[in-house]
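Trainee: what's the 3D shape of this:
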Amino acid sequence: MILTKYNFMMLSHSNAYCNARLYTRSCLGQVGVALLALAGAAVAQTSPTPGSLDTGFTTAVNGIVYTVAVQPDDKVLVGGEFTRVNGVDRDYLVRLNPDGTIDDSFVHLPGADGTVRSISLQGGGKILLGGDFDSINGASWTRIARLNNDGSVDNGFSPGTGANGRVQVVIAQPDGKVLVGGSFTKINGVTHNYIARLNNDGSVDSGFNANADGTVYAVAVQPDGKVLIGGYFTQVNNQQHHYLTRLNSDGSLDNTFTAGADLTVNAIILLDGGKILVSGEFGRINDVYRTSLARLNTDGSLDNGFSGQTSGSVYAMAVQSDGKIIIGGRFTSVNGVGRNNVARLNANGTLDPAFDVGAGPSYRALALALHSNGKALVGGDFTTFNFVDQPYLARLNGDPATNTILEAMIWTAVEIGWNSESNVLYQIQWAPAVDTNTWFNLGEPVTGNGGTNYVFDSTRNATKRFYRVQKLE
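Mentor: This next block holds a predicted model:
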């Protein structure tokens with residue numbers, strides 16, 4: 001987790017040391033020079049507003065973005081209905097560096113030949129794709145494919161003739177098996193209506209037998225192996241289950257789960273404690289008025305402790321580490337307060353007023369993903385965000401965290417100290433300006449000693465540097 005609260009402190013000559021969480025001192029011979037971080041010192045707060053457009057991320061896409069996934073190294077996989085990114089040919093799939101530039105190390109020729117609608121990360125750096133394509137990088141892959149981390153096709157994964165209809169969602173299970181949902185009726189020639197499971201090698205898993213009567217848009221796997229599905233269906237395994245149900249690990253119906261909706265379920269997220277967050281185009285859950293958002297207990301009953309409501313459809317959700325929920329869709333208000341297409345809720349469903357997207361995206365937000373530093377990626381079929389030209393993909397600023405960024409003029413050298421946790425890894429970083437997405441590591445990671453750790457920057461160039469500490473988790 002990168003901690004990025006923008007609190008600037010100018011160095012000031014003093015013989016006293018502060019007890020700040022993060023501070024620097026210039027080393028002039030044997031004389032210590034502390035910061036203006038002493039008790040009562042003025043600190044300028046210049047944090048960007050959470051939810052505001054990250055103007056350092058200027059990626060331009062020429063078509064709809066349906067899916068976004070952030071890899072552990074913070075690189076960003078983007079899929080959709082586009083053919084150019086930043087003015088360069090990239091057909092339906094691209095990988096970006098954390099700053100939004102194209103990652104040229106990711107194999108892209110000739111790319112996909114049709115829309116990519118779902119991306120799921122699998123162990124070992126593998127990348128699962130689902131959509132409307134018939135080939136990837138010149139090889140035949142019908143609507144389902146798996147790539148290696150460099151973008152090359154993984155030939156160890158072979159779903160044969162693939163799906164005979166659109167794949168809306170692919171999800172990697174912890175055991176390596178792959179759940180597939182969409183509008184197909186066959187996978188590799190075997191009848192599986194709208195939902196199927198593949199083995200790790202891409203073959204159809206004959207031990208999973210479930211069938212729906214309509215498109216499956218959302219799939220989530222519980223820790224116990226049970227599978228939640230949502231979509232536009234009214235029957236599963238020939239029994240009435242409207243738009244939402246839960247399956248046992250073999251695909252049979254879990255009759256202990258009683259939830260249902262009155263219209264399409266687009267997204268499902270499992271929460272800590274086993275509760276279930278669902279979103280879509282419904283107006284009721286379990287015959288109780290809930291517009292497009294609801295939280296369920298583990299048995300499918302409605303959790304009345306969650307109050308989130310919107311004025312329209314919710315297509316995507318992302319849950320922060322603090323439990324707050326970012327939602328994206330096509331709506332103009334949340335809980336009766338004006339919010340256009342993107343908003344953030346507190347864990348109990350109340351609107352978080354600190355997250356302000358302004359006018360928001362000009363049309364639907366269809367995909368959401370979070371960077372490790374809390375910034376949110378939003379994909380969709382919008383062309384502007386808060387009246388700024390930002391076609392189809394945008395990044396929003398996250399919350400200030402509890403860390404500080406220190407500003408120092410480097411005349412001789414600087415020593416950076418911070419209060420650490422024992423046996424936790426930290427990385428000190430520096431940048432020439434604070435309004436940047438590029439920070440440089442200062443030396444190797446340091447193990448916290450449970451007290452105050454120090455890192456020394458021996459640079460002597462009479463220039464300004466900004467410092468921050470990164471807690472590695």
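Trainee: next, the contact list for Y194, please.
Mentor: For Y194, the contacting residues are 181-185, 211-216, 231, 233, by CB atoms under 8 Å, 6 or more residues apart in numbering. Bear in mind the C-beta positions are built from the backbone N, C-alpha and C, glycine included.
Trainee: any idea how far it is from I229?
Mentor: Counting by CB to CB, to the nearest Å, the gap from Y194 to I229 is 9 Å.
Trainee: just Y454 next, same as before
Mentor: Using CB to CB, Y454 is found at 53 Å from I229.
Trainee: quick one, which of those two is more surrounded?
Mentor: Neighbours were counted for Y454 and for I229 using other CB atoms under 10 Å; I229 has more, 26 against 14.
Trainee: got any ranges where the stretch 351-473 of the chain has weak pLDDT?
Mentor: The stretch 351-473 of the chain contains residues with pLDDT under 70 at 400-413, 434-437, 451, 459-463, 473.
Trainee: rewinding a little: which of the contacts of Y194 fall within strands?
Mentor: 181-182, 216, 231 (DSSP state E).
Trainee: what's the most distant pair in the residues you listed?
Mentor: Pairwise distances across the ones in strands among the contacts of Y194 peak at 8.9 Å for G182 and G231 (criterion: CB to CB).
Trainee: who touches both of those two?
Mentor: Common contacts of G182 and G231, defined by CB under 8 Å, 6+ apart, comprise 168, 194, 215-216.
Trainee: quick one on the thing from earlier: how about CSV for the ones in strands among the contacts of Y194, with neighbour count and distance to S321 added?
Mentor: What follows is the ones in strands among the contacts of Y194, written out as CSV (neighbours: other CB atoms under 10 Å; distance: CB to CB, whole Å):
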residue, neighbour count, distance to S321
G181, 25, 27
G182, 28, 31
V216, 27, 29
G231, 27, 28
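Trainee: contacts only, for the residue nearest to L293 when sequence neighbours are not counted.
Mentor: Nearest non-adjacent residue to L293, counting by CB to CB, 6 or more residues apart in numbering: G308, 4.3 Å away. Residues in contact with G308 (CB under 8 Å, 6+ apart) are 293-295, 325, 327, 334-335, 345, 349-351.
Trainee: surely I325 touches S279?
Mentor: No: I325 is not in contact with S279 according to CB atoms under 8 Å; the separation is 9.3 Å.
Trainee: give the residues shared as contacts by these two.
Mentor: Residues touching both I325 and S279 by CB under 8 Å, 6+ apart: M317.
Trainee: what's the per-residue pLDDT of Y17 here?
Mentor: Note on Y17: pLDDT of 27.
Trainee: I meant to write A145 there.
Mentor: At A145, the predicted lDDT confidence score is 97.
Trainee: please apply the same query to the one 4 residues further on.
Mentor: Looking at N149, its pLDDT reads 96.
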